[in-house]
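# this one's sequence-less:
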């Protein structure tokens, strides 16, 4: 069955995606490509771009879940993975031992379309000889753009002002205290987690003449010299910064890394930005800090529960900007992520070392035969 071009339905990354000719949409039905008894079988848990599907179609028999914004139901996932050779999920799909056992011994590769892979049980995959891959190094600049955009929108109260105008409340031409926000230039930015994304945010901050300090479990003198930034212990980063931006992975050690104690250490006029993982922040503590003026505001792209609970008290606050996990949502980046995931998957099925293997010990369990 061919892909069908047409009017774009509501999509998870862009409302006017029809402007880009390389993005193709599917009918609301499960779609199979390249049906051939001689080809390995692959299941994809979300509709992707034609560039990525084309790669899979040339080498495999592909079946794609019909969801655009919605994740695949658990029971359907368990049934669809039966006897597949490859699985291409998203970060929102929990791929544990139950899923792997439902797929059976034919499953050779799980190619995650994400940088993170905490949705996959790596130990279970390695034990079963299943190669797990991810898509690193693609979304760095796009995510850094989003983090800095959240910082700016939150500090200058842009979203709040937009709602004010749309609600017909702008009845006075101008006032010296109308939507007073905070300057960004010349302020101190504290970065927690100086990986690729954190470093990219530091570069953007320098363009605003910001003083940049950072905390990371691994000090980076090379980046300190290159970027003109300064290392500080965590408590000093929190207490000295006008803006704190988080760029850390979710682990047992980082769960609720930012809680009531850390928030109370921040300046009362400071802002917290999170585009990393929702559970690194204690949302209950953050809500109380925002409500009580412990900090000035926050910009959040990730949450402890996604989608955010519709009765979350955060929704009732004006001093927080909330976006639905869209930090990597550009046409260029999402396309590259999908293509990389497809290439990783095909590499393993062809017996080749995948470019982005995250469980190298699997080689001892199931060596590749290229």
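Structure's in. What do you need? Remember, predicted model here, so these are calculated numbers, not experimental data. Numbering: from 1, shown residues only.
# list the buried ones in stretch 139-159?
139-157, 159 (16 or more other Cβ atoms under 10 Å). All C-beta atoms are positioned from the backbone trio N, CA, C, and that covers glycine.
# isn't residue 232 right next to residue 211, touching?
No. Between residue 232 and residue 211 there is no contact under Cβ atoms under 8 Å: 11.1 Å.
# Residue 71: neighbour count?
18 (other Cβ atoms under 10 Å).
# Isn't it up against residue 93?
Yes. Between residue 71 and residue 93 there is a contact at 6.4 Å, judged by Cβ under 8 Å.
# where do the contact lists of those two overlap?
Common contact partners of residue 71 and residue 93 (Cβ atoms under 8 Å, 6 or more residues apart in numbering): residue 45.
# how about residue 272, secondary structure?
Under DSSP: H, G, I helix; E, B strand; the rest coil, residue 272 falls in the strand class.
# Now do the contacts for the residue lying closest to it once chain neighbours are set aside.
Among residues not flanking residue 272 along the chain, residue 298 sits closest, at 4.5 Å (Cβ to Cβ, 6 or more residues apart in numbering). Residues near residue 298 by Cβ under 8 Å, 6+ apart: 154, 271-274, 286, 290, 319-321.
# Model confidence score at residue 298, please.
Predicted confidence (pLDDT) for residue 298: 98.
# Residue 20 too?
36.
# hmm, back to that, please report how far the residue nearest to residue 272 lies from residue 56.
Distance, residue 298 to residue 56, by Cβ to Cβ, to the nearest Å: 39 Å.
# Show me the buried residues of stretch 139-159 that map onto helices.
Under the assignment DSSP state H, these contribute 140-155, 159 to helices.
# Pull out the buried residues from the top helix by length along the chain.
The longest helix of the chain (DSSP H) is helix 331-349. Neighbour counts over helix 331-349 (16+ other Cβ under 10 Å) mark 333-349 as buried.
# Hmm, residue 323 is touching residue 303, no?
No. The pair residue 323 / residue 303 is not scored as a contact, 10.0 Å apart, by Cβ under 8 Å.
# if you count what's nearby, which of the two comes out ahead?
Neighbour totals were compared for residue 323 and residue 303, and residue 303 leads with 20 against 17 (other Cβ under 10 Å).
# where does that one land on pLDDT?
98.
# Could you pull up the residues touching the closest residue to it other than its chain neighbours?
With sequence-adjacent residues excluded and distances taken as Cβ to Cβ, 6+ apart, residue 303 is closest to residue 278, at 4.1 Å. For residue 278, the contacting residues are 300, 302-306, by Cβ under 8 Å, 6+ apart.
# need those residues in a markdown table with secondary structure, can you?
As requested, these are exported to a markdown table (three-state DSSP):
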| residue | secondary structure |
| --- | --- |
| 300 | strand |
| 302 | coil |
| 303 | coil |
| 304 | coil |
| 305 | coil |
| 306 | coil |
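# Now a PyMOL select for only the buried ones of those residues.
With 16+ other Cβ under 10 Å as the burial test, the buried ones among those are selected in PyMOL as follows:
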select buried, resi 300+302+303+304
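# Pop the domain breakdown of this structure in here.
Annotated domains of the chain cover 17-138+330-365, 140-322 [automatic domain parsing].
# how distant is stretch 291-305 from the center of its chain?
With Cα atoms, centre = their mean, to the nearest Å as the basis, stretch 291-305 stands 18 Å off its chain's centre.
# can you map out the strands along the stretch 1-150 of the chain?
31-33, 41-44, 61-64, 86-88, 109-111, 131-133 (DSSP state E, counting those that start in this stretch).
# again, but for the stretch 201-350 of the chain
Remark: strands assigned in the stretch 201-350 of the chain by DSSP E, counting those that start in this stretch are 211-215, 230-231, 243-246, 271-274, 297-300, 320-322.
# Just put those in TSV and tack on distance to residue 50.
Below are the strands of the stretch 201-350 of the chain laid out as TSV (distance: least, Cβ to Cβ, whole Å):
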stretch	distance to residue 50
strand 211-215	40
strand 230-231	45
strand 243-246	35
strand 271-274	33
strand 297-300	32
strand 320-322	32
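# Point out the one among those that comes closest to residue 259.
strand 271-274 (11.7 Å; Cβ to Cβ).
# So which residues make contact with that closest one?
For strand 271-274, contacts defined as Cβ under 8 Å, 6+ apart pick out 147, 150-151, 154-155, 182, 242-246, 258, 263, 266, 280-281, 286, 295-302.
# For residue 184, which residues are in contact?
Applying Cβ under 8 Å, 6+ apart, the residues near residue 184 are 151-152, 155-156, 208, 210, 243.
# which two in these are spaced the farthest apart?
Greatest spacing in the contacts of residue 184, by Cβ to Cβ: 156 and 210 (14.7 Å).
# before we move on, back to that, which one of the domains of the chain has the lowest average pLDDT?
Looking at the domains of the chain, the bottom one is domain 17-138+330-365 with a mean of 89.
# re earlier: now for the strands of the stretch 1-150 of the chain, which one comes closest to residue 227?
That would be, of the strands of the stretch 1-150 of the chain and by Cβ to Cβ, strand 131-133, which comes in at 30.0 Å.
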